[in-house]
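Undergrad: structure, please.
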Amino acid sequence: IDIPDMKTLLSTLTKLTAINEAKTPACTRLVIDTIDEVERLCDPYALAQYKASVMGKEFAGTSITELPMGAGYGRLRDAMGEMLWLFCKAADEVVLLAHVRDKMIERKGVQDVAFQDVDLTGKVRSIVCSRCSSIGYVRRDFNDTLYVNFKTSDTVNCGSRCAHLTGREIVLGERVNLPTFGLDQRG
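TA: Numbering: from 1, shown residues only. This is a model prediction of the structure:
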């Protein structure tokens, strides 16, 4: 389902929840592609809620994160928490897909290693990740083999609470006689 705005997302989740609560679920697994896009939708949603309040009726900002002293980030976290709760009501299993971003970490006073983490804002990232049973890093190698990695390392933040996934890298798919159009495997 294409979700262009928060109104469509909330409407869709309301319908899925009603179907799920009627014990005739439309789906057992709900895939959110991507959770960072949901965060983007939460900003104007949280802003509209704030501007509708007595305290926020005079606020002229265009983003909830413009509130002074970081107050908007708490409202953004609340909106994301609400979305996570609504996802869980809509289906028995929820899969959150996310983009990654490179972050630099400092070791022993030297900016040392770039590592990859979920591309969400500050504490929103921590909250979302803490509510997940597993975080896998999906990658494709030069032979076009697709993997999901649950091995935590110095450069990738991932892992699993599920014993059958902990520390594993799983092949999701391999190239099967696809035409190369005269290109080598590196494309």
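Undergrad: and the helices in the protein?
TA: In the chain, the helices defined using DSSP state H lie at 6-21, 35-51, 71-90, 122-130.
Undergrad: and the first one, what's buried?
TA: Same thing as helix 6-21. Buried residues in helix 6-21, counting neighbours by 16 or more other CB atoms under 10 Å, are found at 6, 9-10, 12-13, 16-17, 20. Bear in mind the C-beta positions are built from the backbone N, C-alpha and C, glycine included.
Undergrad: the second one now?
TA: Residues 35-36, 38-39, 41-43, 45-47, 50 are the ones in helix 35-51 that count as buried (16+ other CB under 10 Å).
Undergrad: pull the distance from that helix to the chain's centre.
TA: 14 Å (CA atoms, centre = their mean, to the nearest Å).
Undergrad: which residues touch the spatially most central residue of the chain?
TA: The centroid of the chain falls nearest to Ile35 when counting by CA atoms, centre = their mean (3.0 Å). Contacts of Ile35 were listed using CB atoms under 8 Å, 6 or more residues apart in numbering, and they are 96-98, 118, 120, 128.
Undergrad: check the gap between it and Glu66 for me.
TA: Per CB to CB, to the nearest Å, Ile35 is found 23 Å from Glu66.
Undergrad: so how far is stretch 85-92 off the chain centroid?
TA: Using CA atoms, centre = their mean, the mean C-alpha position of stretch 85-92 is found 15 Å from that of the whole chain.
Undergrad: can you show me the CA trace of it as PDB?
TA: Only the C-alpha atoms of stretch 85-92 are listed here, as PDB (Å, rounded to 0.1, in the frame of the first residue of the first chain):
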ATOM      1  CA  TRP A  85       2.000   0.700  19.100                       C
ATOM      2  CA  LEU A  86      -0.400   1.000  16.200                       C
ATOM      3  CA  PHE A  87       1.700  -1.300  14.000                       C
ATOM      4  CA  CYS A  88       1.700  -4.000  16.700                       C
ATOM      5  CA  LYS A  89      -2.100  -3.700  17.000                       C
ATOM      6  CA  ALA A  90      -2.500  -4.100  13.200                       C
ATOM      7  CA  ALA A  91      -0.600  -7.400  12.800                       C
ATOM      8  CA  ASP A  92       0.900 -10.300  14.800                       C
END
